[in-house]
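> next come a sequence and a model predicted from it.
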Amino acid sequence: MCLGIPGQILAITDEARQLALADVSGVRREVNVTCIAEGPLEDLVGCWTLIHVGFAMSRIDAEEAEATLRALREMGEAQAALEEMEAGRAALTEGTAPGPTR
């Protein structure tokens, strides 16, 4: 399964190599925009895209980007809760869980 993370194109950094600076959840990284380039690369500035392993794979609108980011945040919170539950289960199984205090 491939997971594309929404990112917004901020600037074109290398037109010859079709590279752009994208903001992905507050992290800025350079991405290849070849897959979404249709016309002048400057037209991509401000566009939202799904980014996977350094490539902008497809354009999306702002609403889809926000919905995807929200779902990813919720999945992260759910994953953290599952990890905490598993750690508690493992502690009980290993007998390392704290017992009642006197």
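Yep, that arrived.
> and Asp14, its phi and psi?
Phi and psi for Asp14, reported as degrees, to the nearest 10, are phi -150, psi 100.
> check which helices and strands the helix or strand bottoming out on mean pLDDT in the chain sits against.
Least confident element among the helices and strands of the chain, by mean pLDDT, DSSP states H and E: helix 62-94 (a mean of 81). Counting contacts by 3 or more CB pairs under 8 Å, 6 or more residues apart in numbering; DSSP states H and E, helix 62-94 packs against strand 5-14, strand 48-52. Just so you know, the C-beta spots here come from the backbone N, C-alpha and C atoms, and that holds for glycine as well.
> tell me the most buried of those?
Among the helices and strands packed on helix 62-94, strand 48-52 has the highest mean neighbour count (mean count of other CB atoms under 10 Å), at a mean of 22.
> buried ones in the helix or strand just after that one?
As assigned by DSSP states H and E, the chain's next helix or strand after strand 48-52 is strand 55-60. By 16 or more other CB atoms under 10 Å, the buried positions in strand 55-60 come out as Ala56, Met57, Arg59, Ile60.
> now strand 55-60 against helix 62-94, angle please.
Counting by axes from the mean of the first three to the mean of the last three CA atoms, to 10 degrees, strand 55-60 lies at 120 degrees to helix 62-94.
> tell me the average confidence for strand 55-60?
For strand 55-60, mean pLDDT rounds to 95.
> over to stretch 24-37?
The model assigns stretch 24-37 a mean pLDDT of 93.
> contacts for it, please.
Outside stretch 24-37, the residues that touch it by CB atoms under 8 Å, 6 or more residues apart in numbering are 5-7, 9-10, 12-13, 17-22, 41, 44, 47, 49, 51, 54-59, 69.
> can I get it in PDB, CA atoms only?
What follows is stretch 24-37, C-alpha atoms only, in PDB (Å, rounded to 0.1, in the frame of the first residue of the first chain):
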ATOM      1  CA  VAL A  24       4.100  18.800   4.300                       C
ATOM      2  CA  SER A  25       2.500  19.300   7.700                       C
ATOM      3  CA  GLY A  26       4.900  22.100   8.600                       C
ATOM      4  CA  VAL A  27       7.900  20.400   7.200                       C
ATOM      5  CA  ARG A  28       9.400  21.900   4.100                       C
ATOM      6  CA  ARG A  29      11.000  19.500   1.600                       C
ATOM      7  CA  GLU A  30      12.000  19.400  -2.000                       C
ATOM      8  CA  VAL A  31       9.800  17.200  -4.200                       C
ATOM      9  CA  ASN A  32       9.700  16.300  -7.900                       C
ATOM     10  CA  VAL A  33       6.700  17.600  -9.700                       C
ATOM     11  CA  THR A  34       7.100  15.800 -13.000                       C
ATOM     12  CA  CYS A  35       3.900  13.800 -12.500                       C
ATOM     13  CA  ILE A  36       1.700  16.800 -12.000                       C
ATOM     14  CA  ALA A  37       3.400  19.300 -14.400                       C
END
